[in-house]
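S.K.: Based on what follows, work out the 3D shape:
(one chain, ligands or ions: 1)
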Amino acid sequence: MRMAAWQTAGVVALAAGVVLALGPSAPVLAQGAWVAPAAEKSKKNPLPDDKATLELGEKVAKTNCITCHGAKGKGDGAAAAALNPKPADWTSKRVQAESDGEIFWKVSTGRGAMPSWKFLPEKDRWAVVHYIHSLGGK
Ligand code: HEC
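M.R.: I've put the predicted structure just below:
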């Protein structure tokens, strides 16, 4: 697939955004449980849980997340070794038990070494939430 110039520019801008987001990383603090506010937890995913959404979610994860969370979402990406706390294992029972709204809020907010992904379109963030839930039992 050939990309038009404006698309290439978009990809470059996105990559620059990621570098900025990862730049001067916040100090790593001893942290307790990370819990989303109740109003966020109950938010419903506006996207259908279908093939197109999962493909978009996988693309978003490959572009932005797997360096830390690993190609299969197990929290073992190349950058994970240096991090404490470790990137979450998306396939774990704990993450799988979280609601779409809770994961969306965490992805949007970030904490410590986990960047905030607010600059990604909401659609991309909701799609990656469906993708994370599709990894349950894998
Ligand atoms: C620079 C490394 C890094 C990148 C890139 C990254 N994460 Fe994370 N992520 C982390 C770390 C570290 C944690 C654990 C944070 C904590 O517990 O304080 C985390 C935690 C999470 C959690 C919380 C799970 C839970 O309930 O504990 C979710 C969901 C998540 N990441 C999704 C994503 C998504 C989606 C992306 C890409 C859009 C992404 N992450 C990109 C490092 C990263």
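
S.K.: The ligand contacts on this structure?
M.R.: Neighbours of the ligand within the chain, by C-beta under 6 Å from any ligand atom: 22, 31, 34, 60, 64-65, 67-69, 79, 83, 85, 87-88, 95, 98, 103, 106-107, 111-115, 117, 128. For the C-beta atoms, the positions are set from N, CA and C on the backbone; glycine is no exception.

S.K.: Make a PyMOL selection of whichever of those turn out to be buried.
M.R.: Here is the PyMOL selection string for the buried members of those, based on 16 or more other C-beta atoms under 10 Å:
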select buried, resi 60+64+65+67+68+69+83+87+88+95+98+103+106+107+113+114+115+117+128
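
S.K.: Go through the residues of the chain next to the ligand and flag which are in helices.
M.R.: Leu22, Val60, Asn64, Thr67, Cys68, His69, Val95, Ile103, Lys106, Val107, Val128 (DSSP state H).

S.K.: For these, work out which two are farthest apart.
M.R.: For these, the farthest-apart pair by C-beta to C-beta is Leu22 and Val95; their separation is 21.3 Å.
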